[in-house]
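[1] Quick one: sequence plus predicted model below, questions after.
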Amino acid sequence: MSATTELHPSIVALVALSAHLAAGHPNRGLCQLAKLKEYGVSEAQIEEAIEIARHIRDETAQILDASFNQERAMNQAAAASKLPQFKEVQATSACCTPTASGKSCC
């Protein structure tokens, strides 16, 4: 016998709403809000999911900012302790990759 593994549509909508918010998706999960209300999910449960998703999003941003600041500080300290040196830049070692249309992001 095989048990069903399908999630109830309200759970899918709640997960999708949380993911949209945590990821900073442009549509912000507004479609899922309407579906959750149709499925009878309480406003308190929706608010809790929103709070958790925003916390994860904000915590992620803080961690990324701290990591960037730490690396920047290390680079500045290393640069200050050395005489100016010039490195040969290779065309294949870019700090970022181009967009799908070939535009540089840096």
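    Received, thanks.

[2] Phi and psi next, for the residue most central in space within the chain.
    Central residue of the chain (CA atoms, centre = their mean): A23, 4.0 Å from the mean position. Dihedral angles phi and psi of A23 (degrees, to the nearest 10) take the values phi -80, psi -10.

[3] What ranges does the protein have for its helices?
    With DSSP state H, the ranges of helices along the chain come out as 9-23, 30-38, 43-80.

[4] remind me which residues of the protein are low pLDDT?
    Under the criterion of pLDDT under 70, the regions of the chain flagged as low confidence span 1-3, 83-99, 103-106.

[5] can we see that at 50?
    Judged by pLDDT under 50, the chain has its weakly predicted residues at 93-94.

[6] Which residues does stretch 41-60 contact?
    Stretch 41-60 is touched from outside by 10, 13-14, 17-24, 33, 36, with contacts defined as CB atoms under 8 Å, 6 or more residues apart in numbering. Using the backbone N, CA and C atoms, a C-beta is placed for each residue, glycine as well.

[7] List the buried residues of that stretch.
    If you call a residue buried by 16 or more other CB atoms under 10 Å, then stretch 41-60 has these buried ones: 41, 46, 49-50, 53.

[8] Same question for stretch 26-39.
    Of the residues in stretch 26-39, 29, 32-33, 35-36 count as buried by neighbour count, 16+ other CB under 10 Å.
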